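[1] model this:
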Amino acid sequence: MPSKLVSSSSVKGKVIHLSPPQILALSFLVFIIIGTILLKLPFASTVPVSWMDALFTATSAITVTGLVVVDTGTAYTVFGQSVIMILIQLGGLGLMTFAVLIIMVLGKKIGLQQRILVQEAFNQTSLGGLVRLVKILLVFTLVLESLAFMILSIRWVPEFGWKEGLYQSLFHTISAFNNAGFSLWSDSLSAYVGDPVVNLVITALFITGGIGFTVLADIWYKKRFRTLSLHSKLMLIGTFIMNVIVMLILFVLEFSNPNTLGPLAIGDKLWGAYFQAVTPRTAGFNTLDIGNMTTASILILIVLMFIGAGSASTASGIKLTTFIVMILATLTFLKGRSETVTFGRTIRLHTIIRALAIIVISILFILFTLFLLVITEDAPFLMIVFEVFSAFGTVGLSMGLTDELSTVGKQIIIVLMFIGRIGPLTLAFTLARPKKAAVRYPEEEVFTG
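    Down below sits the predicted model:
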């Protein structure tokens, strides 16, 4: 376990030790600052962009959130949009992934410190096979993004012309695979609500990116479902079941809503329900008007944004497996059993406690942030709640509050996006790491429930 200090620097004669989580957080902060400066350059935008808006955009991009305070397609030039695109790719795949890539290109050996950092970045419990995982990730990303880029180009070049069509295809491919949700159109992908090509390609990108790189590597090597790890099985089955159930629920809830699915043909209704069912788990794109969805649908989206997608993926949230583990542990308690068993495997008590810690810490942080925004923002409570969960889950969906946030509100959301991307990734190992106590104390009952 990477509990030991792995890096140090000297400031005025004093040695400052940095742990892996601190190095990861610092690296994100550095790129946020760099991105902010680049987006503030005169030739990066078509209209005056404040330092706060540039900082917000850079943070949203590197944390692959997708919340925007200025329109990406009109407020920024191609240079500014390219900066956003690069930040998305860096933030989605992980800064440590690119660090390892540079080391490999230079022909250097991947040392223990780099392996520990990669372990922390990918939320792994073992140092074994990390370099192989990074190599698979990079190859898979290149192949999948290239394939998606070509398909989208075939769809959009005839509509926009070569230059614009290729550029739109590249931007949305990178944004989708990294679960960022940034779009060059102010209404996201609403114009393509019934387009099979756009729906399938974009959702395939962010579902694949959100499953998790460890699952993709597991599938690559083992091929057959029966031989996959328990984590991979839970992620694949959980993703499929959740997507199908939510799609059916949204289809029913929004079927007659005149502002969403109501005016659409039955085929387009199905596409709209499907897309909006799979996107809340941190993708951030939308083909329906979020602000005009029913309250029941909004509640479903909030829950999905909190859960998020897979561990070691381009997504955030508490993670789907964390949610599944707590559901299984609860069922175990209700059945009066002592061990949580699924697929013929017992889930360790440490894993259950870690999942509980992630959920509790996340809820407490969300509640605190929600309390602050209720004070600073003059907006409907539901809109604020939605914005908070969207920022924490680095989703990027909004009911229209983002560009109306006060300066203090923007600062709060910036911190929330940063914690949402960094926190769940590191808190599990920094706060819930098992330690052997030197002294054991007698047990005593505490009444609960």
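
[2] Please make it C-alpha for all contacts and neighbour counts, starting now.
    Will do.

[3] Might you report the residue contacts of residue 91?
    By C-alpha atoms under 8 Å, 6 or more residues apart in numbering, the residues touching residue 91 are 28, 61, 62, 63, 64, 178, 314.

[4] With residue 206 instead?
    Applying C-alpha under 8 Å, 6+ apart, the residues contacting residue 206 are 176, 177, 178, 179, 279, 283.

[5] Which ones among those map onto helices?
    176, 177 (DSSP state H).

[6] In terms of distance to residue 155, which of the contacts of residue 206 ranks first?
    Residue 155 lies nearest to residue 176 out of these, by C-alpha to C-alpha, at 16.0 Å.

[7] Spatially nearest residue to the closest one (excluding sequence neighbours)?
    With C-alpha to C-alpha, 6 or more residues apart in numbering as the criterion, residue 176 has its nearest non-adjacent residue at 5.1 Å, and that residue is residue 206.

[8] Let me know how buried residue 220 is, in neighbour terms.
    12 (other C-alpha atoms under 10 Å).

[9] Contacts only, for it.
    Contacts of residue 220 (C-alpha under 8 Å, 6+ apart): none.

[10] Is it located within a strand, as I assumed?
    No: applying DSSP: H, G, I helix; E, B strand; the rest coil, one finds residue 220 to be helix, outside a strand.

[11] Got the confidence number for it?
    What the model reports as pLDDT for residue 220 is 81.

[12] Helices along the stretch 1-150 of the chain, start to end?
    20-39, 51-62, 72-75, 78-93, 95-105, 112-121, 130-160 (DSSP state H, counting those that start in this stretch).

[13] okay if I get those helices as a markdown table plus distance to residue 416 and mean pLDDT?
    Formatted as a markdown table, these follow (distance: least, C-alpha to C-alpha, whole Å; pLDDT from 0 to 100):
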| stretch | distance to residue 416 | mean pLDDT |
| --- | --- | --- |
| helix 20-39 | 13 | 84 |
| helix 51-62 | 10 | 95 |
| helix 72-75 | 21 | 93 |
| helix 78-93 | 16 | 91 |
| helix 95-105 | 19 | 55 |
| helix 112-121 | 19 | 53 |
| helix 130-160 | 27 | 86 |
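
[14] Return the most buried member of the ones you listed.
    helix 51-62 (a mean of 24; mean count of other C-alpha atoms under 10 Å).

[15] Off-centre distance for that one?
    17 Å (C-alpha atoms, centre = their mean, to the nearest Å).

[16] which other residues reach that helix?
    Counting by C-alpha under 8 Å, 6+ apart, 28, 31-33, 35-37, 39-40, 66-70, 84-85, 87-92, 180, 182, 394, 407, 410-411, 414, 417-418 sit against helix 51-62.

[17] Run through the protein and note the low-pLDDT ranges.
    Across the chain, the ranges flagged by pLDDT under 70 are 1-22, 94-133, 312, 423-438, 447-449.

[18] how close does the residue nearest to residue 176 sit to residue 181?
    9 Å (C-alpha to C-alpha, to the nearest Å).

[19] tell me which strands and helices the helix or strand harbouring residue 241 is in contact with?
    Element membership for residue 241 (DSSP states H and E) is helix 230-254. Packing partners of helix 230-254 (3 or more C-alpha pairs under 8 Å, 6 or more residues apart in numbering; DSSP states H and E): helix 196-211, helix 213-222, helix 266-278, helix 295-307, helix 320-334.

[20] Same question for the shortest one: list its buried residues.
    Neighbour-count burial for helix 213-222, counted by 16 or more other C-alpha atoms under 10 Å, picks out 213, 214, 215, 216, 217, 218, 219.

[21] hmm, back to that, pull the most distant pair out of the contacts of residue 91.
    28 and 178 (15.7 Å).

[22] what residues are up against residue 230?
    By C-alpha under 8 Å, 6+ apart, the neighbours of residue 230 are 343, 345.

[23] one more time with 10 Å, if that's ok
    215, 342, 343, 344, 345, 346, 347 (C-alpha atoms under 10 Å, 6 or more residues apart in numbering).
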